[in-house]
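1. test case, fold it:
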Amino acid sequence: MAYTTVPKSTDYFNTKLYTGNGSTNAITGVGFQPDFVWQKSRSNAEGHGLFDVLRGVTNRIQSNTLNAESSIAGSLQSFDSDGFTVGNDVGANGNGQTFASWNWKANGQGSSNTEGSINTTYTSANTTSGFSIIQYTGNATASATIGHGLGKIPTMIIFRRYAQAENWDVYHQAIGNAKSIRLNETGAAFDNATALTSTTPTSNLITLGTSVTTNANGNPMIAYCFADVQGFSKMGSYIGNGNADGTFAYTGFKPAFVMTRPSSGVGSWYMLDNKRANPFNVVTGRLEADGSGTENTGFTWCDFTSNGFKIRTTEGGINASGVTFIYMAFAEEPLVSTNGNAATAR
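-> Numbers count the residues shown, from 1 in each chain. Got it, this is the predicted structure:
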């Protein structure tokens with residue numbers, strides 16, 4: 001069995017739960033200084049909050065809307081050495097509300113990447129964990145390129161024109177380079193050759209088309225890039241069978257986080273992790289990236305096993321028969337760690 005290239009998964013991705021206090025609230029225990037924080041109220045119907053070090057603190061975009069970036073003074077105040085601090089904004093720190101946050105480490109603010117035809121404003125790349133954040137200004141030129149800094153091919157990229165109201169655009173290797181799928185909507189993947197000019201990203205460049213969702217002329221853009229890293233991250237797909245003894249998706253590690261949705265049909269992005277609701281199998285807590293609803297704990301969704309996840313429901317949003325589902329997954333621990341220990345199921 002192969003070893004992971006990431007010695008400790010929680011040095012690069014970690015889920016942190018917290019309870020709001022309606023005031024200044026330092027959230028610790030993440031394990032590193034995050035560069036990308038995605039948070040959501042579990043107990044209340046509040047929108048998601050996505051914050052990254054390139055756009056800066058208090059600047060929130062939401063996965064569940066096409067609203068432009070908003071500067072929310074009481075939202076995320078700082079990225080700290082072991083977490084982050086939030087203020088009095090109800091969506092980030094409502095008093096008595098329970099929250100989930102998903103945290104990724106890139107490489108701080110980074111620097112301009114000049115490998116492509118567009119010099120990025122900043123590219124913050126972590127080559128170990130296969131995650132980078134890119135800030136750039138679009139030029140609406142077909143076949144324009146930007147450097148992602150990973151040194152490996154991104155298998156999922158989430159794009160956003162963030163200063164104006166606009167849909168999110170998601171590239172995923174399982175749906176191919178001529179299609180897009182929305183983060184903020186429930187529609188199936190659709191033909192969209194103008195997003196990436198039907199060109200698969202390379203180990204150093206992303207080729208852009210003329211779509212306003214990936215390359216709007218004169219507009220600031222943000223892109224979150226994820227690559228497959230053995231034993232740590234996997235962007236894959238599975239086909240549902242409509243049975244409570246559902247499909248098994250092999251990742252090569254015990255998952256800490258899985259986000260999945262149908263790509264060949266209509267459905268929401270289901271967000272599951274190893275910290276919420278039932279701490280053992282079956283995983284029961286679900287939030288939706290495209291919705292503002294409260295956490296759904298009424299279904300048994302899947303098992304997190306030592307080497308992937310096993311669907312345990314007939315519910316169509318995660319296991320409709322014959323439907324293709326895409327997913328992104330990050331590890332709690334690899335199948336075999338660098339010390340030779342094998343992972344177990346939850």
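2. next up, the contacts around residue 246.
-> 240, 302, 310-314, 318-319 (C-beta atoms under 8 Å, 6 or more residues apart in numbering). Glycine gets a C-beta too; all of them are placed from N, C-alpha and C.
3. distance check, residue 184 against residue 162.
-> In this view, residue 184 and residue 162 are 12 Å apart by C-beta to C-beta, to the nearest Å.
4. show me the shaky parts of the stretch 101-250 of the chain.
-> Nowhere does the stretch 101-250 of the chain drop to pLDDT under 70.
5. now the helices: where do they sit in it?
-> For the stretch 101-250 of the chain, the helices defined by DSSP state H, counting those that start in this stretch cover 193-196, 212-215.
6. so residue 55 touches residue 222, yeah?
-> Yes: contact criterion C-beta atoms under 8 Å: residue 55 and residue 222 qualify, at 6.3 Å.
7. need the residues touching each of these two.
-> Residues touching both residue 55 and residue 222 (C-beta under 8 Å, 6+ apart) are 61, 135, 162.
8. would a markdown table of these with neighbour count be doable?
-> Putting the shared contacts of residue 55 and residue 222 into a markdown table (neighbours: other C-beta atoms under 10 Å) gives the following:
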| residue | neighbour count |
| --- | --- |
| 61 | 24 |
| 135 | 22 |
| 162 | 23 |
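9. ok, so of those residues, who is nearest residue 271?
-> Comparing those against residue 271 with C-beta to C-beta places residue 61 closest, at 16.4 Å.
10. would you map out the domains in the chain?
-> Listed by automatic domain parsing, the domain ranges of the chain are 12-104, 122-227, 233-334.
11. ok now the shortest one, how far from the chain's centre?
-> Translated: domain 12-104. 14 Å (C-alpha atoms, centre = their mean, to the nearest Å).
12. quick check: end-to-end length of that domain?
-> With C-alpha to C-alpha, to the nearest Å as the measure, domain 12-104 spans 6 Å from end to end.
13. cool, the last one as well?
-> Distances were taken as C-alpha to C-alpha; on that basis the terminal residues of domain 233-334 are 10 Å apart.
14. how about the strands in the stretch 51-200 of the chain?
-> Using DSSP state E, counting those that start in this stretch, the strands of the stretch 51-200 of the chain run over 59-60, 70-71, 76-80, 83-86, 98-104, 122-126, 131-137, 144-147, 154-161, 169-172, 179-180, 190-191.
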